[in-house]
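> pasting the structure only:
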């Protein structure tokens with residue numbers, strides 16, 4: 001490439017650069033490239049022999065420059081979420097609706113989460129790794145299994161189980177999802193739809209968190225349309241042979257026990273199976289690059305001729321309707337996760353606005369801050385009361401699928417608004433995971449989608465109140481007396 005030449009404008013001033021493009025000098029380019037690589041390596045490995053470009057490509061580069069300041073030094077004006085704030089969101093005194101046992105349970109869970117999980121959650125979330133170090137602390141609560149009675153399980157009320165889910169999510173949504181998958185899906189399925197032998201064999205160790213469970217329904221081709229799954233179960237001598245693929249399965253990369261849903265090739269109905277880690281032909285790999293629930297190890301499961309003995313087929317699952325029995329309970333728990341996330345964000349914002357000062361006054365003194373804080377608080381009261389009523393309907397045996405779906409959809413929508421307001425209130429610190437809000441902002445997105453997307457859940461309720469199904473595209477003609485347009 002020739003030297004660039006400068007032209008003169010008619011007024012005698014310097015004109016624009018003109019470039020005459022010609023093929024580069026290959027030897028000169030190589031020298032410049034080597035010089036750049038040497039400068040980079042000087043920062044990474046000062047004084048050591050030069051690496052090849054290929055070796056340098058795999059070298060960690062986070063060490064370039066000075067290490068980050070400690071947060072307390074960089075920003076001493078506000079306390080990070082590693083020191084979790086007091087709970088101050090129960091403005092309408094929901095405690096008055098709870099039993100003493102439920103209140104005591106909530107306080108126990110809150111103490112463990114604030115003391116043992118809050119200090120480490122940002123580190124693991126940033127690395128997208130699961131915090132195995134906190135599992136013994138979660139196990140010490142002795143709440144795995146939730147409403148299941150016996151087999152080492154606590155036999156909680158539905159409301160107590162929901163409060164537990166919210167309290168865990170208040171500090172960390174990833175831990176809440178881990179626990180929900182393990183307890184309200186895997187363990188609940190065995191308890192509700194397993195044989196007595198299966199309950200005795202699997203539930204005690206799962207209750208102690210000595211073993212971990214996952215629950216595999218979703219497939220690459222079937223998310224909302226879960227009942228159309230492609231994974232097959234073929235009857236063979238002494239058991240079943242499973243083939244297929246699952247996706248977005250929480251805990252799957254390290255779970256000891258997996259509940260797998262597959263289509264029985266004889267009946268064309270959905271059956272359930274217990275598959276143990278290490279089974280030949282079974283492989284679970286981590287899904288990378290998530291922006292939400294980063295500590296949850298979601299995975300792809302691939303099964304190639306996986307043999308499952310007859311004693312590990314779940315006898316209570318003979319159709320997708322049986323699967324819905326588990327989802328009816330787990331949807332209540334998922335409806336309480338957004339409540340907990342919103343509570344945690346509110347608590348952090350409430351403290352932050354009083355600590356952080358601008359223009360000589362705390363941010364809490366500004367009208368616009370108070371308006372947003374009160375809107376967040378109002379959302380939390382409504383979400384909590386809706387969740388409480390849903391639990392009572394379930395306990396009375398009168399809860400409908402539409403009611404559960406409305407609660408999950410509406411709570412996740414209101415939580416989205418609440419967390420967005422919190423992000424605004426924290427300004428620049430609202431994009432740092434250290435102050436919880438940014439992490440919660442991202443963590444809420446998968447919860448808005450899983451256990452039925454917002455849209456699917458509102459359409460379940462819509463079907464219930466109108467009598468007209470609209471989730472699947474309707475064929476031309478009449479549906480229950482209503483004309484469906486082809487347009």
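It's in. Please read all numbers here as calculations on a predicted model, not as lab measurements.
> roughly how far out does stretch 125-138 sit from the chain middle?
Chain-centre distance of stretch 125-138: 14 Å, with CA atoms, centre = their mean, to the nearest Å.
> next SSE after the helix or strand harbouring residue 178?
Under the criterion of DSSP states H and E, residue 178 resides in helix 173-179. Counting by DSSP H and E, the next helix or strand C-terminal to helix 173-179 is helix 188-193.
> for the record, mean pLDDT for that next one?
For helix 188-193, mean pLDDT is 98.
> quick one: the helices in the stretch 1-150 of the chain, in order.
Using DSSP state H, counting those that start in this stretch, the helices of the stretch 1-150 of the chain run over residues 26-44, 53-57, 71-74, 100-112, 121-127, 135-140.
> which one of those has the lowest average pLDDT?
helix 53-57 (a mean of 63).
> may I have the phi/psi pair for residue 233?
phi -130, psi 120 (degrees, to the nearest 10).
> tell me the bridge partners for it.
residue 242, residue 264 (DSSP bridges).
> confirm for me that it is in contact with residue 269.
No. Counting by CB atoms under 8 Å, residue 233 stays clear of residue 269, with 9.9 Å between them. All C-beta spots, glycine's among them, are computed from the backbone N, C-alpha and C.
> give the closest residue to residue 122 in space, chain neighbours not counted.
Spatial nearest neighbour of residue 122, chain neighbours left out: residue 433 (4.8 Å); criterion: CB to CB, 6 or more residues apart in numbering.
> before we move on, what about residue 456?
Closest to residue 456 by CB to CB, 6+ apart is residue 224, at 5.0 Å.
> then residue 142?
Nearest to residue 142 is residue 154, by CB to CB, 6+ apart, at 6.0 Å.
> and for residue 250?
Residue 250's closest residue in space is residue 181 (CB to CB, 6+ apart), at 4.2 Å.
> what's the neighbour count on the residue nearest to residue 456?
Using other CB atoms under 10 Å, the number of residues around residue 224 comes to 16.
> ditto for residue 462
Each residue near residue 462 was counted by other CB under 10 Å, and the total is 17.
> what of the one 10 residues further on?
Neighbouring residues of residue 472 were enumerated by other CB under 10 Å; the total is 9.
> that one: what secondary structure?
coil (DSSP: H, G, I helix; E, B strand; the rest coil).
> who's in contact with the residue nearest the centre of the chain?
In the chain, the residue lying closest to the centroid (CA atoms, centre = their mean) is residue 293, at 3.7 Å. Counting by CB atoms under 8 Å, 6 or more residues apart in numbering, residue 293 touches 173-174, 177, 442-443, 446-447.
> again, 7 Å this time
Residues near residue 293 by CB atoms under 7 Å, 6 or more residues apart in numbering: 173-174, 177, 443, 446.
> farthest-separated two in these?
174 and 446 (9.8 Å; CB to CB).
> the two: who's more crowded?
residue 174 (26 against 20).
> right, and that one touches residue 297 too?
No. Using CB atoms under 7 Å, residue 174 is not in contact with residue 297; the gap is 9.5 Å.
> ok, which stretches of the stretch 201-350 of the chain are strands?
213-216, 232-236, 239-249, 257-264, 270-276, 282-286, 299-309, 313-314 (DSSP state E, counting those that start in this stretch).
> any weak-confidence spans in the stretch 201-350 of the chain?
Along the stretch 201-350 of the chain, the model assigns pLDDT under 70 to no residue.
> biggest helix in the protein by residues?
Criterion DSSP state H: the longest helix present in the chain is helix 320-355.
> any idea of the angle that helix forms with strand 270-276?
60 degrees (axes from the mean of the first three to the mean of the last three CA atoms, to 10 degrees).
> contacts only, for residue 382.
With CB under 7 Å, 6+ apart, residue 382 has these contacts: residue 414.
> how close does it get to residue 164?
21 Å (CB to CB, to the nearest Å).
> who's the closest spatial neighbour of residue 77, skipping the chain neighbours?
Residue 77 sits nearest to residue 356 (CB to CB, 6+ apart), 5.4 Å away.
> which residues does that neighbour contact?
Listed by CB under 7 Å, 6+ apart, the contact set of residue 356 reads 77-78, 362-363.
> any idea how far it lies from residue 420?
Between residue 356 and residue 420 the computed distance is 19 Å (CB to CB).
> before we move on, back to that, thinking the residue nearest to residue 456 is in contact with residue 454, fair?
No. Counting by CB under 7 Å, residue 224 does not reach residue 454; the two are 11.0 Å apart.
> how is this protein partitioned into domains?
Following automatic domain parsing, the chain resolves into domains at 94-207, 214-320, 321-467.
> mind putting those into TSV with distance to residue 30?
Formatted as TSV, the domains of the chain follow (distance: least, CB to CB, whole Å):
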stretch	distance to residue 30
domain 94-207	37
domain 214-320	34
domain 321-467	41
